[in-house]
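Trainee: Turn this into a model:
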Amino acid sequence: MPVPRTLRIARAAAVAGALAAALLTTAGPAQAANGTIGQRETVCAQDLYVRTAPGGAWMGTLYTGQTFTVESKQSGWAYGFAYGDINRHGWVQDGWFC
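Mentor: Sure thing, here's the model as predicted:
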C-alpha cells in the first residue's frame with residue numbers, strides 16, 4: 001500500500017529538521033586570532049605568506065599547523081621566526097593563528 005503524500009512530506013520535514021539541529025550543535029571551524037608577542041603560535045590559515053617586510057616581497061609560505069614565533073607587531077603585521085618549510089625570520093599578516 002502506498003504511503004500518503006502528506007505522511008511522506010511530514011517524514012521529510014522531520015528528517016530535515018533533525019539534520020539541521022545536528023549541524024547547529026556540531027563544532028564549527030577554528031577561529032583565527034591575533035598572535036601574542038613571545039608566543040610560538042600555530043598557523044590556522046590554509047596558507048600564510050611570509051614576507052621580507054610588512055606587505056613586502058614573498059619569501060615563503062607557512063601552512064596550517066606550522067608555527068611562527070611572534071617577536072614584534074606593527075600595523076596588522078607580525079614579525080618573527082617562521083618554522084616549518086621556511087625556518088627563517090620574516091613578516092606575516094597578523095590574525096591567522098589558532
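Trainee: can you tell me which helix or strand the nearest residue to Gly90 once chain neighbours are set aside belongs to?
Mentor: Of all residues not flanking Gly90 in the chain, Val50 sits nearest, at 3.9 Å (CB to CB, 6 or more residues apart in numbering). C-beta coordinates here come from the backbone N, C-alpha and C atoms, glycine included. Using DSSP states H and E, Val50 maps to strand 47-51.
Trainee: Which strands or helices does that strand pack on?
Mentor: Identification of packing neighbours for strand 47-51 by 3 or more CB pairs under 8 Å, 6 or more residues apart in numbering; DSSP states H and E yields strand 58-63, strand 88-93.
Trainee: of all those, which gets the most neighbours per residue?
Mentor: strand 88-93 (a mean of 18; mean count of other CB atoms under 10 Å).
Trainee: got the CA coordinates for that one in CSV?
Mentor: Extracted C-alpha coordinates of strand 88-93, given in CSV (Å, rounded to 0.1, in the frame of the first residue of the first chain):
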residue,chain,number,x,y,z
ARG,A,88,63.9,32.0,9.0
HIS,A,89,62.7,35.4,10.2
GLY,A,90,60.1,37.3,8.3
TRP,A,91,56.7,39.2,8.5
VAL,A,92,53.2,37.6,8.3
GLN,A,93,49.8,39.2,8.3
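Trainee: Name the residues that touch that strand?
Mentor: 48-54, 56, 59-60, 62, 68, 71, 76-82 (CB atoms under 8 Å, 6 or more residues apart in numbering).
Trainee: Just the CA trace of the lengthiest strand in the chain, in PDB.
Mentor: In the chain, taking DSSP state E as the definition, the longest strand is strand 67-74. Output of strand 67-74 as PDB, limited to C-alpha atoms (Å, rounded to 0.1, in the frame of the first residue of the first chain):
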ATOM      1  CA  THR A  67      54.300  27.500  13.700                       C
ATOM      2  CA  PHE A  68      55.500  31.100  14.000                       C
ATOM      3  CA  THR A  69      57.100  32.800  17.000                       C
ATOM      4  CA  VAL A  70      55.900  36.300  17.200                       C
ATOM      5  CA  GLU A  71      58.700  38.700  18.200                       C
ATOM      6  CA  SER A  72      57.000  42.100  17.400                       C
ATOM      7  CA  LYS A  73      53.900  43.600  15.800                       C
ATOM      8  CA  GLN A  74      53.300  46.600  13.600                       C
END
